[in-house]
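# Fold the stuff below for me.
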Amino acid sequence: MGKKGKAASSSGGGGEAKGGEGKGKGKAKPSDDLKTCTYVKCRHILCEKQGKIMEAYKKLEEGFLSNGDKVPPAEFGKLAMEYSECPSGKKGGDLGWFPRGKMAGPFQDVAFATPVGGCSAPFKSTHGYHVILCEGRKN
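Next up, the predicted model:
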């Protein structure tokens, strides 16, 4: 992930971050913890093509999100190994802990706006299309 990124356009089919239950559209409303945390631990799926990320996200919706369930990191990791085109896909999409300022653009915005245990909606950056699972945050 580099320091560049562009916000997803509403006409591009990508979306903004969703809250932890994966219902509704629009940005998650950050709590004080989301605004002030310094580090976040995430997994992600990165695909060059929008259709491929939507296919992966549909599996997340059918298996967990449509029921309001949280996506277990191990299950997200299996999908990352299957769909992600990022080298981290081999590690289940695990990006580990990273501080504010390391990732740029929409990736950082979505990573720090997604509640712990929450899964973002698909969104676009200069690297392609992503879905993020937030596993933790700390100061």
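# hey, let's count contacts and neighbours off CA atoms from now on
Fine.
# And stretch 91-101, what's buried?
92-94, 98-99 (16 or more other C-alpha atoms under 10 Å).
# Look through the chain and tell me its longest helix.
Criterion DSSP state H: the longest helix present in the chain is helix 50-63.
# Give the buried residues for that helix.
Neighbour counts over helix 50-63 (16+ other C-alpha under 10 Å) mark 50, 53-54, 56-57, 60-61 as buried.
# and if you look at stretch 119-138?
Applying 16+ other C-alpha under 10 Å to stretch 119-138 flags 119-137 as buried.
# Same check on stretch 68-77?
69-71, 73, 76-77.
# quick one: the strands in the chain?
Counting by DSSP state E, the chain has strands at residues 39-47, 94-99, 123-125, 128-138.
# Format those as a markdown table; extra columns: distance to residue 81 and mean pLDDT.
Shown next, in a markdown table, are the strands of the chain (distance: least, C-alpha to C-alpha, whole Å; pLDDT from 0 to 100):
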| stretch | distance to residue 81 | mean pLDDT |
| --- | --- | --- |
| strand 39-47 | 8 | 98 |
| strand 94-99 | 10 | 97 |
| strand 123-125 | 19 | 96 |
| strand 128-138 | 13 | 97 |
